[in-house]
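[1] coords please:
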Amino acid sequence: MCLLLVHAVAHAQVPIEPSAAPAPAASVPAPGAAFVLDVDAPNDVKQLLERHLELQRYRELTDLSDDELERLLDTARVDAQKLIATLGYFAPAITIVSTPSSDMATPRRVSIQVNPGEPVQVNQVLLRFSGPITTDPQAAAQRRLIEDSWSLPVGNRFTQSRWDAAKQLALRQLTSERYPTGSIETTLADIDPQTQHARLEITLASGPAYHLGALEISGLSHFDETLVHRLARIPGGVAYDQKLLIEAQQRLTGSGFFDSAFVSVDTTSDPANAKILVTLREAKLQKIVLGVGFSTDGGARLSAEHLHNLVPGLGWRAASKLSVDRETQSIGASLLAPPNSALWRWNTSVMVVHQNSGSFDINSQRWSAGASQEGTRIDRSYYLQYDRADSATTDEAAAVLAQTLSVNYSFTLRNFDALPFPSSGWAWGAEVGGGSTLGTERDPYARLLTRWHQFFPLGQDGNTPNLRAGRLVIRAQLGAVLAKEDVALPATQLFLTGGDNSVRGYGLREIGTELQGDQVSAGRYMTLGSVEWQRPITYKGLLTDWEGALFVDAGAVADKPSELRAQVGVGAGVRWKSPVGPLQVDLAYGLDVQRFRLHLNVGFVF
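    All right, here's what the predicted structure looks like:
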């Protein structure tokens, strides 16, 4: 009989509202309060009781009699036992004392003292399957994954939240591949408070295995279904995999053709050839976007952009943009074709720019044409590019107009755990090009730029980074232009560094080849390195959306590798996970220029 009563407590589902506001502090009674509640218990138990104990609801009843209060205290003991059980304590010692008031102006005082005892630990886990998953040899790896990933194994402390989380994780792993209609068939948490042991049982029912069939598309009016098929890229006949549907959904929404996309499998259709439901909301054919921004590099920024998603007679997307800030003024236009079956897209663009480059104002024009492919982890492009700009000024010669024609290839490979707020992973990008100068002298040249960005977690919880431990962030860049020493090249093909996203403590493009009179010009070689320590900021033991950072940046630009001399910036800052991406605020000190500089930046791009 006793064991049955224990089971009833152990299996009780206690409704807890995490978002409920905590009760007012007992030491500051509200005017006219029926009683003041004091809880003496370990911190986790105390917070739970102060937040969710049913007795709290009656504190403001000014007409609550002593007899009614005593009856409430008897109920409160049972309520407290149920709440404490959710934390894994099934044999707590609870003492409740009511102290009458000494006068009419002083409320009664209720004291609850809790000794939770030893927490219950899991000593046995029985994870079972039913349905086709038990006999399908192709599901063996999925069964092993669910079993190996069980998050409440033997030896762990039992709590209601951990038990619920373990069940939900197992169910997600079941329904994410092959078996979208899978469910939890039975569960049991058998608690023995005498030995502080818990025996857990769960049976997962797989339901039938699903294989993906044809797309059923809704919501199209301007674009045709061919575009959707090319972007979705869901192969027919393969086993259901939720990841395939999520990636298809991301490609559709990221294409710019659709404001929203929802991709799901129709579980009411034939499992052997299940329909894929694609629900879309098309983007407007034309839109104008006006922008206002600010950065410490460029100051206030104004922009205006016009976008046409389906140019009549061509079917390509056209975009034109005007942007003006303190350092750069630009106007440009581009055309982008719909993707082919491999997601490659033809494109062409032209841009005219006036910008401050080192100590000089540079006017430039650029035209390019080629093809690009954007993916979840890798972007690639190849293109023909024409550049026309003022050449970099040297000590020996004044700036002249220079032109080049080049063939280029670039790629970016990303392997971050999450975007736009990565905590681990890496990315590598490279640009390789070669061509010739134009004009009376035609001299060959080659250009290389490579960059690396990596997050190193300083702690791990199994295979998952421990966010509280923080991380190291490493950045590196290397650039080189190879050409004869006397060849005049457009300054836009050379290198400068410094600013929010390179060497902090220096202005935008402030680090370059040093000329006479303390002037700076673009150079043929560039190196950059940065080490940053990031650590989350906690409040009352909980993680917040803020992080602190300490960093050291160094960069150098020169016309010869032997002349590279690093300029260093050190500083500290904060990071905020804002709704529009990471907000970075840094105060840096440039050791070579001996001054402080504030840097503001929003977003994470690689």
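[2] poorly predicted segments of this protein, please.
    1-32, 102-105, 393-399, 461-464 (pLDDT under 70).
[3] all helices of it, in order?
    2-10, 43-52, 66-85, 140-148, 160-175, 225-232, 242-254 (DSSP state H).
[4] residues near residue 322, how many?
    Counted with other CB atoms under 10 Å, residues neighbouring residue 322 total 13. The way it works is simple: take the backbone N, C-alpha and C, and place the C-beta from them, glycine included.
[5] and for residue 180?
    Neighbour count for residue 180, taken as other CB under 10 Å: 22.
[6] that one: what's it in contact with?
    Applying CB atoms under 8 Å, 6 or more residues apart in numbering to residue 180 gives the contacts 207, 210, 240, 242, 265, 267.
[7] do the same with residue 423
    Per CB under 8 Å, 6+ apart, neighbours of residue 423: 417, 455, 457, 465, 467, 471.
[8] show the buried residues in those.
    Buried subset of the contacts of residue 423 (neighbour count, 16 or more other CB atoms under 10 Å): 455, 457, 465, 467, 471.
[9] quick check, the second one in contact with residue 422.
    No: the pair formed by residue 457 and residue 422 falls short of the contact definition of CB atoms under 8 Å, at 10.3 Å.
[10] looking at the buried ones among the contacts of residue 423, which one is closest to residue 147?
    Using CB to CB, residue 465 comes nearest to residue 147 of the buried ones among the contacts of residue 423, at 23.8 Å.
[11] my guess is residue 510 contacts residue 359, does it?
    No: shown here, residue 510 and residue 359 do not form a contact pair, counting by CB under 8 Å, at 9.1 Å.
[12] who touches both of the two?
    Counting by CB under 8 Å, 6+ apart, the residues touching both residue 510 and residue 359 are residue 520.
[13] neighbours of residue 555, how many?
    Around residue 555 there are 27 residues (other CB under 10 Å).
[14] relative to residue 507, how far out is it?
    For residue 555, the distance to residue 507 equals 12 Å [CB to CB, to the nearest Å].
[15] now do the shared contacts for these two.
    What both residue 555 and residue 507 touch, as defined by CB under 8 Å, 6+ apart, is the set residue 498.
[16] okay, domains of the chain per the record?
    Structural domains of the chain, as assigned by automatic domain parsing, span the residue ranges 2-115, 121-205, 212-282, 285-338, 354-602.
[17] show me what residue 581 is bridged to.
    Beta-bridge pairing of residue 581 under DSSP bridges involves residue 578.
[18] could you check which of residue 510 and residue 359 is surrounded by more residues?
    Legend: neighbour count by other CB under 10 Å for residue 510 and residue 359, higher for residue 510 (23 against 16).
[19] so who does that one touch?
    Residues in contact with residue 510 (CB under 8 Å, 6+ apart) are 358, 496, 498, 499, 520.
[20] if you set the cut-off to 10 Å instead, what comes out?
    Contacts for residue 510 (CB atoms under 10 Å, 6 or more residues apart in numbering) come out as 297, 356, 358-359, 496-499, 502-503, 520, 555, 567, 590, 593, 597.
[21] what's the distance between it and residue 358?
    Distance of residue 510 to residue 358, given as CB to CB: 7 Å.
[22] shared neighbours of those two, anything?
    Common contact partners of residue 510 and residue 358 (CB under 10 Å, 6+ apart): 496, 498, 520.
[23] most neighbours, which of the residues you listed?
    Within these, residue 498 tops the neighbour count with 28 neighbours, counted by other CB under 10 Å.
[24] what separates that residue from residue 116, distance-wise?
    Separation of residue 498 from residue 116 (CB to CB): 58 Å.
[25] cool, and residue 567?
    59 Å.
[26] next one: residue 64
    For residue 64, the distance to residue 116 equals 28 Å [CB to CB].
[27] these two: who's more crowded?
    Remark: of residue 64 and residue 116, residue 116 carries more neighbours, 19 against 16, as counted by other CB under 10 Å.
[28] ok, the more buried one - contacts?
    Per CB under 10 Å, 6+ apart, neighbours of residue 116: 41-42, 44-45, 84-85, 87-94.
[29] next up, phi/psi of it, please.
    In terms of degrees, to the nearest 10, the main-chain angles of residue 116 are phi -70, psi -20.
[30] follow-up on the earlier one: out of the shared contacts of residue 510 and residue 358, which comes closest to residue 52?
    residue 498 (54.6 Å).
[31] the closest one against residue 507, yeah?
    Yes: judged on CB atoms under 10 Å, residue 498 makes contact with residue 507 at a distance of 5.9 Å.
[32] now for those two: what residues contact both?
    Counting by CB under 10 Å, 6+ apart, the common neighbours of residue 498 and residue 507 are 297, 358, 520, 590, 593, 597.
[33] and the furthest pair within those?
    Most distant of those, by CB to CB, are 358 and 597, 16.7 Å apart.
[34] neighbour-wise, which of the two wins?
    Shown here are residue 358 and residue 597; by other CB under 10 Å, residue 358 has more neighbours (26 against 22).
[35] tell me how far the residue nearest to the more buried one when sequence neighbours are not counted lies from residue 567.
    Sequence neighbours aside, residue 520 is the residue nearest to residue 358 in space, at 3.7 Å (criterion: CB to CB, 6 or more residues apart in numbering). Using CB to CB, one obtains 11 Å as the distance from residue 520 to residue 567.
[36] now for these two: what residues contact both?
    Common contacts of residue 520 and residue 567 (CB under 10 Å, 6+ apart): 498, 510, 511, 557.
[37] tell me the one of those residues nearest residue 342?
    residue 557 (38.2 Å).
[38] wait, residue 327 sits on residue 357?
    Yes: using CB under 10 Å, residue 327 is in contact with residue 357, at 9.0 Å.
[39] which one's more surrounded, these two?
    Shown here are residue 327 and residue 357; by other CB under 10 Å, residue 357 has more neighbours (26 against 18).
[40] what pairs with the more buried one across the strands?
    Beta bridges link residue 357 to residue 360 when assigned by DSSP bridges.
[41] returning to what we had before: quick one: buried ones out of the contacts of residue 180?
    Neighbour counting with 16+ other CB under 10 Å marks 207, 210, 240, 242, 265 as buried within the contacts of residue 180.
[42] okay, these in a markdown table with distance to residue 145 next?
    Converted to a markdown table, the buried ones among the contacts of residue 180 look like this (distance: CB to CB, whole Å):
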| residue | distance to residue 145 |
| --- | --- |
| 207 | 18 |
| 210 | 18 |
| 240 | 16 |
| 242 | 14 |
| 265 | 20 |
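[43] and those, which two are furthest apart?
    Longest span within the buried ones among the contacts of residue 180, CB to CB: 207 and 242, 14.4 Å.
[44] in contact with residue 556, which residues?
    So residue 556 contacts 495, 497, 503, 511-513, 523, 525-529, 563-568 (CB under 10 Å, 6+ apart).
[45] in ChimeraX, select just the buried ones from these.
    Selection of the buried residues among these in ChimeraX, burial being defined by 16+ other CB under 10 Å:
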select :495,497,503,511,512,513,523,525,526,527,528,529,567,568
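[46] which of the contacts of residue 556 fall in strands?
    The strands, defined by DSSP state E, take in 513, 525, 526, 527, 528, 529, 567, 568 from these.
[47] which of these sits closest to residue 156?
    Of the ones in strands among the contacts of residue 556, the one sitting nearest to residue 156 (CB to CB) turns out to be residue 529, at 42.5 Å.
[48] and that closest one, what is it in contact with?
    Residue 529 touches 452, 474-478, 503, 552-556, 566, 568, counting by CB under 10 Å, 6+ apart.
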